[in-house]
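Enquirer: Pasted the sequence and its predicted model underneath.
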Amino acid sequence: MTRLAELAAQLGLTLEGDAELRVGGVASLEDAGEDDLVFVRSEQFVPALLASRARAVVAPVGIDVGGRSALRSPDAGRDFYRAVRVLVPTPAPKPGVHPSAVVDPSADVHPTASIGPTCVVGPRVQVGARSVLYPGAVLYDGVRVGDDCELGARCVVAAASVLGDRVFLQPGVVVGGQGFGLTGDEEGGLVRAHDVGRVRIGDDVEIGANSTIDRGTLSDTVIGAGTKIDNHVQIAHNCVLGEHCIVVAQTGIGGSTHLGDRVVLMAQSGIAGHLVLGEGAFVGAQAGVHKDIAAGERVFGTPQRPNKDWAREMAALTHLPELLRRVRALEREDE
Amino acid sequence: MTRLAELAAQLGLTLEGDAELRVGGVASLEDAGEDDLVFVRSEQFVPALLASRARAVVAPVGIDVGGRSALRSPDAGRDFYRAVRVLVPTPAPKPGVHPSAVVDPSADVHPTASIGPTCVVGPRVQVGARSVLYPGAVLYDGVRVGDDCELGARCVVAAASVLGDRVFLQPGVVVGGQGFGLTGDEEGGLVRAHDVGRVRIGDDVEIGANSTIDRGTLSDTVIGAGTKIDNHVQIAHNCVLGEHCIVVAQTGIGGSTHLGDRVVLMAQSGIAGHLVLGEGAFVGAQAGVHKDIAAGERVFGTPQRPNKDWAREMAALTHLPELLRRVRALEREDE
Amino acid sequence: MTRLAELAAQLGLTLEGDAELRVGGVASLEDAGEDDLVFVRSEQFVPALLASRARAVVAPVGIDVGGRSALRSPDAGRDFYRAVRVLVPTPAPKPGVHPSAVVDPSADVHPTASIGPTCVVGPRVQVGARSVLYPGAVLYDGVRVGDDCELGARCVVAAASVLGDRVFLQPGVVVGGQGFGLTGDEEGGLVRAHDVGRVRIGDDVEIGANSTIDRGTLSDTVIGAGTKIDNHVQIAHNCVLGEHCIVVAQTGIGGSTHLGDRVVLMAQSGIAGHLVLGEGAFVGAQAGVHKDIAAGERVFGTPQRPNKDWAREMAALTHLPELLRRVRALEREDE
C-alpha cells in the first residue's frame, strides 16, 4: 500500500484530496476496488468514475471527480501508467548467468545483466548493464546489446546486430535473419544474395512478439531511436526507419524502403521496396503502398490513394450498381 | 491391425459388412491400400471410393459403397477422424520432468504431466494432470495450465496467464506479451502502457503456430471455450472472444474488441480496436472491419460491406471502364 | 585479402585490369573503401561507381567502368554475391553435438553435422552430413534432415517431416504443425481433424523467419525443390508447391491448394484453399485469390482480376465520384 502523497511526489503530480489515502493496486473503472488507483482520460468517463468504488484517480486538471482524491495530470493516461510502474513493478530477474545458459567464454556480459535459463550467448557477444535475457533467448556471434535492454523468451538476434539502450524485444522476435533478395542461377534456379550487413537498433526501440527484421545485404538495416513496432511485423533487408515511428501489427515493409521520423503504418499495411516515406507520413490499415509518400501525407487503400480521394471513391463505389442502371436508362431514352 | 467390429463399437457406429476385417491405417482415397480405412463425405466421392483399393470406409447412412464394409455415420468426416485417433494414436510423452528442463522449486507440476527437454517453468507456475510441454516451452512466473493441455515446442506463456483444460498451443505461440498501447512522453517520444492484465484461455481452445495473444492492460484478454485459432493470428490487449469462434490464419484483432460466440473471421481479415462483433458474425477473407457487426451479419471487403452489397459492387466495378466510355458518349450526344 | 586474379579463377569470370589487385571485403557503391569489391548491374549505376572509392568491380560485359579492374559477368548481381561468399564466408559451426543439446539415443546424426547448444533431437531422427542446427532447434520424432542443411535458431520440425539437401530454415520456422481442418462435434462445438500426414521439403528450399508449414491431413504437404519462401508465410495442410516458386512475406495459402512450378506470390497475398495455380502464375501483392489461375496468368486485387483489367478498373475508380456528378447532370437535362 502506497500513500497517495508519496505517489504524487514520486510522479511530480499535484494531489487534491486525502494525502493519507493508500492505494494498493490499479484497475479499470469497472473492476476497481476501494484500494485501487484508476484514471479518467476526459469528462466522458466521469460517470463511470462516479459509479466505481475507487477512491483515488489520476485525472486531467479541472475535471470534477466527485470528491475522489485526485492526482492531477496534463496527460492522465501517461501518468496513470507511470503510477502503474510504481504500484505494480515488474520484478527484475536476478543478475548473473543461469547455470543452464550457454555463454561463450569470449562473450562480455556485464555483471549486473541477467542471462536466463537455456539462453545461448555466442562468441564475442556484448551484453550491457542491467539487461535481461529471458529464457531461451539466443544471441549469435558478435551481437551487441546495450544497457537496460529486455529480450523476451526465445528471441533470436543474429548477424552481429547492434542494439542500443533500453531496447525491448518481445518473445519470438527474430533480428538479423537473411534477406529475401533472389537472383537466377545458371541452371534456371533461384539463389539468395549472401547478406553481410547487420541490423542496427536505436535506443528505446520496442519490437512486438514474433516480428522479424532482416539483416542488410551490404549495408545495415536501421531502426531509429524510439520507434515502436507491434507483433508479426516484417521489415526487410536494408530498410531504414526514422525515429519515433509506429508500425502496427502484421505490417510488412519491402527491402530498401526508407521511413522518415514519426511515420505511422497502421495494421496489415504493406509497403513495397525501394520507396521513401516522408516525415510524419500516415498509412491506413491494410493499405498497399507502391509509390513514395510525401512528408505529412495520409494514404489509404490498395493501390494507395490520398486520404480524401479514397474516402470519396469508396463512398461512390456503393452507388455504382445503381449508377449502372441509371446510365442504362439514359441510353434507352436516347435510342 | 484393429478388427472393424471393435472399431465400430469403440466409436459407437453401426457396421455394415465384414466384422472380422482388420484395418491397420488410414489414407486418402487416392493413396489407400487394402488395409487402410478411408471415408467419403457424400455421393460425390463414391466413384473415387470404387476406384480405390480400400475395403473399409466411413460413410454417411444410405450411400452405396459398392460392397465395401462400412461404418455408417451421421457425420462421416468427424467420425473418420475419431477413427484416426484410435488407429494412429499420437504417442504420449512420458510423464515427469526431463533432466534438461529448468523447473522452479515453487512450481506445482502434476506428477502425470510431462515437461520436455529444455523447457523452463517459472516460479509459482501450476501444470495440471497429463498436460504436456514439448521441448523448449517457457512458462513465466505464475502461469496456470489446466489438465490435458498440449503446449508445442518453444511456445511462451507469460503474464501469469491462465489456461483451462485441453488447451492446445502449437509451436511458437506467444501468450501474454505486452500490448501495443502507446502514449506520448514528455519529450515528444512514445511510451508504452505498463500492462498488468493477464490472458485467460478457456477449455478446448486451440491456437496455431506462431500466433500471439497480448495480455490485458488492466483487466484480462479472454479467449472463450472451444474457440479455434489458426497460425500467425494476432489478438491484441483486452480483446474478449466468445465461445466456439473460428479465427483463420494471419487475421488480426485490435485492442479491446469483443466477439460474441461462434464468430468466424476468415484468413487475413483485420478487425479494428474497440468494436463489437455479434454472435455468429462472419468476416470474409482480407476484409477490413472498422465498424461493429450485428449478430449473424456477414461482411466482406475493405472498408467492410454487407455480403450482397459487396458482391454487387465488385461485379459493377468490372463494368466501370466501359461505363466511363458510355457516359462520355451520352455527353457527346447531348452537346 | 584476395588477389583479383585468384577470385576471377575461382568464379570462372574474365578479369580486365590489375590481376595483382587485392580485395578484402565487399560494400555498396556508397560505402566502398579502396579494398572493397563492388558491383554494377547496368550502365545506370556507372556514375555512382565513378564517384566511389572502389578499385574493383563486378560488371556486365561491355560497360565502361572508368579504368576500374573488372570481373566481367553475364549476371553481375549473381556473380557479385558468389564473390561475397568467397570473400566474407559464413564461419561453419564445429561438427559434433554440443553438451547442452539433448539427442535421443535412437537418433542418427552424421558425424560431420553440428548440433548446437540447447537443441533437441527426438527419437529416430536422421541428420545428414554437414547439416547445422543452430541453438534451440527442435526436431520431433522421426524427422529426417538431408545433407548440408541449415536450421536456424529455435526452428521446429515436427510430424516426421522430411527435408532434402541444402534446405535452409531461418530462425523460428515451424514445419509440421497441425492443420486447421475443423468439423462440428456432437455437442455443437468444433473439433480439429487428427492429421497424420507429413511435410516433405525438396532440395534447395529456403524458408524465412517465423514462417509456418502445416502437416498434411492424410497425405503430405509438399514444397518443391528450389522454392524460396520469405518470412511470416503460412502454408496450410495438404498444399503442394512446385519447383522454384517464390512466396514473398506474409502471404498465406489455404489447405489443399496446388501450385505449379515457378509460381510467384507477392507479399501479403492470400490464396484460398482447394485451388490450382498453373506454372508461372503470378499473384500481385495483397491480392485475394479465390479461383484457379491458368499457367502464366497474372492477377491482382481482391477479388482477383486479370492484370490489365485490374489496372483499368483501379484507374476508372478514381473518376467515379466525378462520374456520379456527370450522370446526375445528364439526368437533369433529360428531365
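Expert: Arrived safely. Note that the structure is a prediction, hence the values are computed from the model and not measured.

Enquirer: Could you pull up phi and psi at A:Gly146?
Expert: The phi/psi pair for A:Gly146 (degrees, to the nearest 10) reads phi -70, psi -160.

Enquirer: Excluding residues flanking it in the chain, which one is nearest it?
Expert: Closest residue to A:Gly146 apart from its sequence neighbours, by C-beta to C-beta, 6 or more residues apart in numbering or on different chains: A:Asp165 at 4.0 Å. Backbone N, C-alpha and C define where each C-beta goes, glycine included.

Enquirer: what residues are up against the residue nearest to A:Asp64 when sequence neighbours are not counted?
Expert: Nearest non-adjacent residue to A:Asp64, counting by C-beta to C-beta, 6+ apart: A:Val46, 6.8 Å away. By C-beta atoms under 8 Å, 6 or more residues apart in numbering or on different chains, the contact set of A:Val46 is A:Val40, A:Ile63, A:Asp64, A:Val65, A:Gly66.

Enquirer: Which one of those is nearest to chain C?
Expert: The shortest approach to chain C among these belongs to A:Val40, at 38.5 Å (C-beta to the nearest C-beta).

Enquirer: Show the contacting residues for the closest one.
Expert: Contacts of A:Val40 (C-beta under 8 Å, 6+ apart): A:Leu29, A:Val46, A:Ala48, A:Leu49, A:Val57, A:Val58, A:Ala59, A:Pro60, A:Ile63, A:Val65, A:Ala76.

Enquirer: thinking again about what came up before, hang on, isn't the residue nearest to A:Gly146 packed against A:Val145?
Expert: No. In this structure A:Asp165 lies outside contact range of A:Val145 using C-beta atoms under 8 Å: 9.3 Å.

Enquirer: Give me the common contacts of those two.
Expert: A:Gly128.

Enquirer: Redo the contacts of A:Val46 as CSV? Include pLDDT.
Expert: Listed next are the contacts of A:Val46 as CSV, based on pLDDT from 0 to 100:
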residue, pLDDT
A:Val40, 95
A:Ile63, 93
A:Asp64, 94
A:Val65, 94
A:Gly66, 91
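
Enquirer: Who wins on neighbours among those?
Expert: Most neighbours among the contacts of A:Val46, by other C-beta atoms under 10 Å in any protein chain shown: A:Val40, with 25 neighbours.

Enquirer: ok, that residue to B:Gly216 distance?
Expert: Distance, A:Val40 to B:Gly216, using C-beta to C-beta, to the nearest Å: 19 Å.

Enquirer: wouldn't A:Val138 be in contact with C:Ala137 here?
Expert: No. With contact defined as C-beta under 8 Å, A:Val138 does not reach C:Ala137; the gap is 10.0 Å.

Enquirer: Now do the shared contacts for the two.
Expert: With C-beta under 8 Å, 6+ apart, A:Val138 and C:Ala137 have common neighbours C:Ala153, C:Arg154.

Enquirer: now the stretch 151-300 of chain A, which segments are flagged as low pLDDT?
Expert: Scanning the stretch 151-300 of chain A for pLDDT under 70 picks out no residues.

Enquirer: More neighbours: A:Asp165 and A:Val145, which one.
Expert: When A:Asp165 and A:Val145 are compared for neighbours, A:Val145 comes out ahead with 30 against 18, by other C-beta under 10 Å.

Enquirer: Pop the domain breakdown of chain A in here.
Expert: Following automatic domain parsing, one gets these domains for chain A: A:2-87, A:96-308, A:309-335.
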